[in-house]
Structure formats: structure tokens, C-alpha cells
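Visitor: just coords:
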């Protein structure tokens, strides 16, 4: 059987997320740097052209699959060693929530910092061009860089980034840096001495905010060199030996700050977005952290809320009670049916 393959670019936080996860899990794979702008010969096209695209070997060739969360779940089923989703149903729910928070909320900070600030946009434009094709000559590279930057800047509103919401996004990122610094100092990863899917999701977004984009990189360099070192190390955890998940009795102590941040910013966003979609609106306004937020609706994130609520409903009664107790007063209790 051939090795698993994935197509992606260094500037994709989800490519970084999945590549580091594969390394940690020691799953044989081949990394193909590139994108769908230049389709791979003799490779199937995914239904939606997202990065990374995974190519799972099959009896008849290859299967193209996208979306990192279901891919992680598939890898959990197909590979037994060094799993990143705990068996404990309470920890499993928390892992899924944290992964979702990183993929769908922290990515707003990544997109905002990259394209809201002129210095960061000028830095990212050429990189996007050369990440796609290292052989571009000067003029095509400049044209490609400008086209990429113009398109992305014009789409800032899609993720909710604007002058009105900038401080919400930036404050949340700054708090997350401090929260992660304290988590890393205590136990190494969000749910113990071993990395979870949530860690790799946070790591993926932070690779861009710390390795690529100058403005957030300066903030992290000043306020948390520990977090910068964690990102560097999480890139390849193939030799990591820690294997302990947090006991339930310690979740409030070690995870309380992160749960509060999720309830402070992500949960009100999820609920307002889903309500607007249910009412047939194309845009919505709400309050996040006491400040005005506005953006177009995002159907995928309504599905995220639906999935989290379905999972919560399926929990055994005693686990559901314990989860509600953990969430009480954090804002995350509004997630629960």
C-alpha cells in the first residue's frame, strides 16, 4: 500500500496543523508542496479545492479528501498508536471544542493580522506567490503577489475583520497568547502531557501568526518566548514521549482560562451566526465581549455549532452534568442544549 499523501502550502494553517499531527502520530506520508492552481497530474480532484488535500491510497488508486477535522477522525479510526482524541467522553468533547475554536475563531486573527495591516500584507503577498510556484519570474511574481493581496484584503469582511471589530480580534489573540503560555508552563499541552487535536489546531494558526506575519510575531516575541518555542517544537513531535491526559478533577484548574475565552468570544459568534442563518439573513450583528460585531453569515460554522450540540446531547447523563458544571459561568454553557 502506498503512503498517505497531502498537498498544501506553508502559508496554510490547516496544512501545518495536519503535517505536524502526522509527524507526531508517526503515520507514513509524503508532503507535496503546491496548490490546486497547478493541478497534479494523475491525481483526483477533491469536490472542494481546499488545502490541505489528502490523497488516501485505495485499491483502485487515490481518494482526494479535504477538511482537517473529519480527516483527523478518520486517522483515529485507521491508526491505533499515539491518538490525539481522548477516549474519555468529557475530554473528547473538550478536544473537539478547542479544535473548533482554533479552526474557526483563531483563524480570524490569522486572516486579520495578515491583511489588515499594510506591513503584514506587503510581507504576505510575495510569499503567497512563491509558495505556489518557486520558479516564477519577477514580473509574473509581482502580478501574482498583487492579485493575491488585493483579493484577500477585499475579503477581510467575510471573516468579520474590520476597523469596528479589529480590537475584539486583537484582544482575543493577545489573551490567548497569555493563556497558552500558562498552559505550556504547567503541563505542556492543553489537555495534559500529550498533544490533542486541539493543540495541533492552535499550533496551525499560530505558525502563521508567529512564523510569517510581522505584527503578531513581534507581540509573541515580546510577551511569550515560551509560546514561540512551543510552536517550534510542536512542528515535529515524532519523538515526544508524554502520554498523560488531564484527570477530570483538574480540568477546571488547568483549562478554566481557555474555556472562559471560548465562551467570551467564540460561543456568542456561533450562536448569532446560526440564528441569522435560521432566519434567512445574509449578514448579522451581535455583541462580542461587549463590543459590536458584524459580518456575513457562515454556513459551515453553523454546522460546527450543530455538531457540538449533537455531541453534547449524546454524552452519558453523568458526563453531561459534569460538563455543564465545568462550563457554568464561562459562557460556554450556552452551547449546551
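Guide: It's in. These numbers were taken from a predicted model, which means no experiment stands behind them.

Visitor: just checking, residue 153 touches residue 114?
Guide: No: using CB atoms under 8 Å, residue 153 is not in contact with residue 114; the gap is 9.4 Å. Every C-beta, even on glycine, is put in place using the N, C-alpha and C of the backbone.

Visitor: joint contacts of these two?
Guide: By CB atoms under 8 Å, 6 or more residues apart in numbering, residue 153 and residue 114 have these common neighbours: residue 121.

Visitor: Where do the domain boundaries of this protein fall?
Guide: 4-78, 89-115+159-335, 116-158 (automatic domain parsing).

Visitor: Give me the nearest residue to residue 10, chain neighbours excluded.
Guide: Among residues not flanking residue 10 along the chain, residue 131 sits closest, at 5.6 Å (CB to CB, 6 or more residues apart in numbering).

Visitor: just residue 203 next, same as before
Guide: Leaving aside its sequence neighbours, residue 203 sits nearest to residue 234 (CB to CB, 6+ apart; 4.6 Å).

Visitor: which residues touch residue 170?
Guide: 109, 112-113.

Visitor: what's the answer for residue 234, then?
Guide: Contacts of residue 234 by CB under 8 Å, 6+ apart are 20, 195, 199-200, 203.

Visitor: so which of those comes closest to residue 173?
Guide: Minimum separation from residue 173 among those (CB to CB) is found for residue 203, which lies at 14.5 Å.

Visitor: if I look at the closest one, how far off is residue 270?
Guide: As judged by CB to CB, to the nearest Å, residue 203 and residue 270 stand 22 Å apart.

Visitor: tell me which element residue 293 is part of?
Guide: Take DSSP states H and E as the rule and residue 293 turns out to sit in strand 291-296.

Visitor: My guess is residue 196 contacts residue 84. True?
Guide: Yes: between residue 196 and residue 84 there is a contact at 5.3 Å, judged by CB under 8 Å.

Visitor: more neighbours, these two?
Guide: The residue with more neighbours, out of residue 196 and residue 84, is residue 196; 25 against 22, by other CB atoms under 10 Å.

Visitor: so what's the more buried one closest to, chain neighbours aside?
Guide: residue 95 (4.6 Å).

Visitor: and that neighbour, how many neighbours does it have?
Guide: Residue 95 has 23 neighbours, counted by other CB under 10 Å.

Visitor: Now do the contacts for it.
Guide: Contacts of residue 95 (CB under 8 Å, 6+ apart): 84-86, 191, 196-198.

Visitor: Check residue 330 too.
Guide: 256, 259-260, 262-264.

Visitor: Give me the three-state assignment for it.
Guide: Using DSSP: H, G, I helix; E, B strand; the rest coil, the structure places residue 330 in coil.

Visitor: After the host helix or strand of residue 233, which helix or strand is next? Please name it.
Guide: Here residue 233 sits within helix 225-234, counting by DSSP H and E. Later in the chain than helix 225-234, the nearest helix or strand by DSSP H and E is helix 251-261.

Visitor: who touches that next one?
Guide: 90-91, 94, 98, 172, 175-176, 179, 182-183, 186-187, 190-191, 246, 326-327, 330-332.

Visitor: ChimeraX command for the buried members of these?
Guide: Entered in ChimeraX, the line below selects the buried ones among the contacts of helix 251-261, by 16 or more other CB atoms under 10 Å:
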select :90,91,94,98,172,175,176,179,183,187,190,191,246,326,327,330,331,332
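
Visitor: So which of the contacts of helix 251-261 are in helices?
Guide: Counted as lying in helices by DSSP state H, out of those, are 90-91, 94, 98, 172, 175-176, 179, 182-183, 186, 326-327.

Visitor: For this structure, which residue occupies the most central location?
Guide: With distances taken as CA atoms, centre = their mean, the chain has residue 103 as the residue nearest its mean C-alpha position (2.6 Å).

Visitor: Can you tell me the SS state at that residue?
Guide: helix.

Visitor: what pLDDT does it get?
Guide: Here the pLDDT value assigned to residue 103 is 98.

Visitor: How about the one 5 residues further on?
Guide: In this prediction, residue 108 carries a pLDDT score of 98.

Visitor: in the stretch 1-150 of the chain, which spans are strands?
Guide: For the stretch 1-150 of the chain, the strands defined by DSSP state E, counting those that start in this stretch cover 4-8, 29-33, 53-58, 61-65.

Visitor: Reformat those as CSV; add mean neighbour count.
Guide: Formatted as CSV, the strands of the stretch 1-150 of the chain follow (neighbours: other CB atoms under 10 Å):
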stretch, mean neighbour count
strand 4-8, 21
strand 29-33, 14
strand 53-58, 19
strand 61-65, 15
